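Engineer: Output the structure for:
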Amino acid sequence: MRRAKLNAILVVMLLAAPVAVFAQSSLDPGQLPKSTTFYLAWHGTPSIDARKANSLLATWDDADFQPARAAIIEAMMSSSADSAKARAALTRDELSQYASLLDNEIVFGCIVNPNQVKSSEAGHESQKNPWNGMFLVYDHTGKEATLARLLLQARMKEKDPPKISAATIAGISAIKIERKDGATFWADDGKYTLVASEPAVFEKISAWTKHATPEAATLSQTAAYGEAGDLLKGGLAEFFFHFPEIIDRNWDISVMGFRVRPLMQSLKLEVVHSIAGRLALQGARTRFQGAIFGHASPGSLFDIWDEGSSSPSSWQFITANTVSYQAWRVNLLGIYSLIERALQSTVGAGQPSPMDFVEKEAATRLGMPLAEAIGLFSGEFATLQSSSTLDPAKQVYVVGIRKKAATLKVLRAGLTERVTGQRSEGDATFLRISEGGMASAAGTASAKYYHLAVTPAVIVASARDESVREILASAITTPGENSLVPPAWQKARAQFPKTINGLSFFDFQRIDWTAAKERWTAKSRKAPTSKGTRPEAAHDAFANALKDLDPRVFPRHLHMTASASWKDARGMHFDGWIE
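Structural biologist: Okay, here's the model as predicted:
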């Protein structure tokens, strides 16, 4: 099954899970063994009242959304161009059965080999018998028959039936399932179903479900878990990845002639402690919070992100008509230095780096060193949409710059023959950039062109010249005092830290959903349906959903989304919600 289809199945399972009474969590991931390097925990389907109060789930459950639900399922189960080589798609009944399993708790994760051989000590034996620390624990209460039926269906679809035998691990009667790629142990222990490939892992997760793991040996006692602890309490789902375990792997190998260990060392992965996050229902809101924890020191992976500011430069372009806004800041010179350092580390002392050739070619074409050219851009990127029908031609892109004259020089040198028009008006220089192809006989702009306006602080770009001019005309000279920003956005912004490097809003109430549906329907009729593009069945399902869908279902439940990101001494943080 392809990754895209698997992702779609997981989304539908989450939204379509039958409504059940939310059970108290009895599987505490914090009590997993210290050697757990990763886990993803689902704490069960939310209660009936919580589901009705939540905007996103209420939209999914709404009867008027039924055509879209059916279309999503139909598209997911439709055959792709190479489906003859793939396994049979899920039936609607099977999908419903899988979704019902989400009523109960599931924890999936990985435990590292406690006897893992590191670095140069690793030998042929470790490659011959690779460790597989993956495990799954499921509370099968009330789902015994469904689980057994689905397992039987899955095994019947296998082309090469596995070898099945009995085994005993930690005093538990288990089933050993052997396939060409290894063995898996499966057992029911009390109300839990345990699955693991390593007997040692099986023993550890069995002890965990019995609350028999010594407190000192639990994941909650590690510094990394403690650092992420605030994110791992409550919610529908949570995940945790202990990053330093990567560093202990055997990196004394070469890939295409490049040495991997120096590369890993140059990235300073040791400053990253963990990646964690959770998904939670908070009344009408569906909220996601996540973070990359570590020491955000210079010269490390944290150089990717900018320190941020209280207000992005593009904030000045928001008006009362703005439907959506996304802005983020990255550290372009930090990324450049990180890549340069990493590439240099892959070659021997005194040998030229692959980056040397890139820098030489760039300097020749741009007329300045590559680092200097990159430094002309502030690292801020933003998109704004003012069309109530989400017309792509009204979408505008904003890029922050530092020196207008030098930036124009780089643009002309980099785009060369694609610059087909230029004029100056006030402090703005307008460029017309060809995407390729020929201009029309009248010389008018079409979808083959992009229009840019270069000002002293930003570049504004759009598919239409009038869209660029409209947003420039609406700009507020003092970004931090833009009174045109919708009050709901201002209120949401106040809930995030003062200094941020990412900010996003989308207002569902400002969309003319009926007109948007008409535009999408017209576009769907013109969309290609050949085998080389996308499946005809999926296209037909989308067209049918548009035809039968009542667009008023969206503003009935959904109001807005808001999210932000920021960097501090502890790492990178993300927070956002839809309500």
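Engineer: Please tell me the pLDDT value assigned to residue 177.
Structural biologist: At residue 177, the model reports a pLDDT of 91.
Engineer: Which other helices and strands does the helix or strand containing it contact?
Structural biologist: For residue 177, the host element (DSSP states H and E) is strand 172-179. Judged by 3 or more CB pairs under 8 Å, 6 or more residues apart in numbering; DSSP states H and E, the packing partners of strand 172-179 are strand 163-169, strand 182-189, helix 199-209. Glycine gets a C-beta too; all of them are placed from N, C-alpha and C.
Engineer: Identify, out of these, the most deeply packed stretch.
Structural biologist: Using mean count of other CB atoms under 10 Å, the stretch among the helices and strands packed on strand 172-179 with the greatest mean number of neighbours is helix 199-209 (a mean of 21).
Engineer: That one to strand 172-179, inter-axis angle?
Structural biologist: 140 degrees (axes from the mean of the first three to the mean of the last three CA atoms, to 10 degrees).
Engineer: pLDDT of helix 199-209, averaged?
Structural biologist: The pLDDT scores in helix 199-209 average 94.
Engineer: what's the answer for stretch 341-358, then?
Structural biologist: Here the average pLDDT along stretch 341-358 is 77.
Engineer: Now it: buried residues?
Structural biologist: The neighbour-count check on stretch 341-358 (16 or more other CB atoms under 10 Å) flags 341, 342, 343, 344, 345, 346, 347, 353, 355 as buried.
Engineer: Which stretches in the stretch 401-550 of the chain count as strands?
Structural biologist: In the stretch 401-550 of the chain, the strands defined using DSSP state E, counting those that start in this stretch lie at 419-425, 428-434, 449-454, 458-462, 502-507.
Engineer: Nearest to residue 145, out of those strands?
Structural biologist: strand 502-507 (42.6 Å; CB to CB).
Engineer: The closest one: how far from the chain's middle?
Structural biologist: 16 Å (CA atoms, centre = their mean, to the nearest Å).
Engineer: circling back to that earlier point, what is the most widely separated pair among the buried residues of stretch 341-358?
Structural biologist: Pairwise over those, using CB to CB, the maximum falls at 341 and 347, 12.0 Å.
Engineer: could you dump the strands of the stretch 401-550 of the chain to CSV with mean neighbour count and distance to residue 361?
Structural biologist: Listed next are the strands of the stretch 401-550 of the chain as CSV, based on neighbours: other CB atoms under 10 Å; distance: least, CB to CB, whole Å:
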stretch, mean neighbour count, distance to residue 361
strand 419-425, 13, 20
strand 428-434, 18, 21
strand 449-454, 21, 24
strand 458-462, 23, 23
strand 502-507, 22, 32
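Engineer: Among the ones you listed, which comes closest to residue 302?
Structural biologist: It is, among the strands of the stretch 401-550 of the chain and with distance given as CB to CB, strand 502-507, at 14.3 Å.
Engineer: which residues are in contact with that closest one?
Structural biologist: With contact meaning CB atoms under 8 Å, 6 or more residues apart in numbering, strand 502-507 is reached by 308, 312, 315, 322-329, 486, 488-489, 492-493, 496, 559-566, 574, 576.
Engineer: Run through the stretch 151-300 of the chain and note the low-pLDDT ranges.
Structural biologist: Applying pLDDT under 70 to the stretch 151-300 of the chain flags residues 244-264.
Engineer: and with 80 instead?
Structural biologist: Along the stretch 151-300 of the chain, the parts satisfying pLDDT under 80 run over 153-159, 234, 243-269.
Engineer: residues touching residue 297, list them.
Structural biologist: Contact partners of residue 297, counting by CB under 8 Å, 6+ apart, are 268, 271.
Engineer: My read is that residue 414 contacts residue 367, right?
Structural biologist: No: using CB atoms under 8 Å, residue 414 makes no contact with residue 367, being 10.2 Å away.
Engineer: measure residue 323 to residue 385 for me?
Structural biologist: According to CB to CB, to the nearest Å, residue 323 stands 5 Å off from residue 385.
Engineer: What of residue 448?
Structural biologist: For residue 448 relative to residue 385 (CB to CB), the value is 21 Å.
Engineer: Please say which of the two ends up with more neighbours.
Structural biologist: With neighbours defined as other CB atoms under 10 Å, residue 448 and residue 385 compare such that residue 385 has more, 22 against 14.
Engineer: pretty sure the more buried one contacts residue 322?
Structural biologist: Yes: using CB under 8 Å, residue 385 is in contact with residue 322, at 7.2 Å.
Engineer: Tell me who's in contact with the closest residue to residue 353 other than its chain neighbours.
Structural biologist: Of all residues not flanking residue 353 in the chain, residue 344 sits nearest, at 4.4 Å (CB to CB, 6 or more residues apart in numbering). Residue 344 is in contact with 266, 353, 355, counting by CB under 8 Å, 6+ apart.
Engineer: Let's verify residue 344: helix, strand, or coil?
Structural biologist: Under the three-state scheme (DSSP: H, G, I helix; E, B strand; the rest coil), residue 344 adopts helix.
Engineer: before we move on, back to that, closest to residue 163 out of the contacts of residue 344?
Structural biologist: residue 266 (45.7 Å).
Engineer: wait, doesn't that closest one sit right on residue 341?
Structural biologist: Yes: Residue 266 is within contact range of residue 341, at 4.9 Å (criterion: CB under 8 Å).
Engineer: Residue 281: what secondary structure?
Structural biologist: strand.
Engineer: For it, give its distance to residue 65.
Structural biologist: 18 Å.
Engineer: does residue 36 have beta-bridge partners, and which?
Structural biologist: residue 111 (DSSP bridges).
Engineer: Use 2 as the first number for this chain going forward.
Structural biologist: Taking 2 as the first residue, the last one we looked at is residue 37.
Engineer: That one: neighbour count?
Structural biologist: So residue 37, with other CB under 10 Å, has 28 neighbours.
Engineer: list the contacts for it?
Structural biologist: Here residue 37 is in contact with 110, 111, 112, 113, 220, 243 (criterion: CB under 8 Å, 6+ apart).
Engineer: confidence score at it?
Structural biologist: pLDDT, read off for residue 37, is 94.
Engineer: any idea how far it is from residue 223?
Structural biologist: Residue 37 is 9 Å from residue 223, by CB to CB.
Engineer: Same check on residue 269?
Structural biologist: Taking CB to CB, one finds residue 269 at 21 Å from residue 223.
Engineer: And residue 188, by the same measure?
Structural biologist: For residue 188, the distance to residue 223 - CB to CB - is 28 Å.
Engineer: And residue 239, by the same measure?
Structural biologist: Taken as CB to CB, the span from residue 239 to residue 223 is 16 Å.
Engineer: between the two, who's got more neighbours?
Structural biologist: Shown here are residue 239 and residue 223; by other CB under 10 Å, residue 239 has more neighbours (24 against 18).
Engineer: Wait, the more buried one touches residue 42, no?
Structural biologist: Yes: proximity of residue 239 to residue 42 meets the contact threshold set by CB under 8 Å, at 5.3 Å.
Engineer: Identify the contacts common to those two.
Structural biologist: residue 30.
Engineer: quick one: contacts for residue 286?
Structural biologist: Here residue 286 is in contact with 55, 56, 578, 579, 580 (criterion: CB under 8 Å, 6+ apart).
Engineer: Equivalent analysis for residue 500, please.
Structural biologist: Contact analysis of residue 500 by CB under 8 Å, 6+ apart lists 308, 309, 310, 311, 567.
Engineer: If we use 6 Å, what do you get?
Structural biologist: 309, 311 (CB atoms under 6 Å, 6 or more residues apart in numbering).
Engineer: got the phi/psi numbers for it?
Structural biologist: phi -100, psi 120 (degrees, to the nearest 10).
Engineer: cool, residue 498 as well?
Structural biologist: Per degrees, to the nearest 10, the backbone of residue 498 is at phi -60, psi 160.
Engineer: Could you check how many residues crowd around the nearest residue to it once chain neighbours are set aside?
Structural biologist: Spatial nearest neighbour of residue 498, excluding adjacent residues (CB to CB, 6+ apart): residue 567 at 5.0 Å. Residues near residue 567, counting by other CB under 10 Å, number 22.
Engineer: Could you list the paired strands of the helix or strand harbouring residue 567 along with their orientation?
Structural biologist: Using DSSP H and E, residue 567 maps to strand 561-569. Sheet pairing of strand 561-569 (DSSP bridges) gives strand 503-508 (antiparallel), strand 572-579 (antiparallel).
Engineer: Thanks again, I'm all set now.
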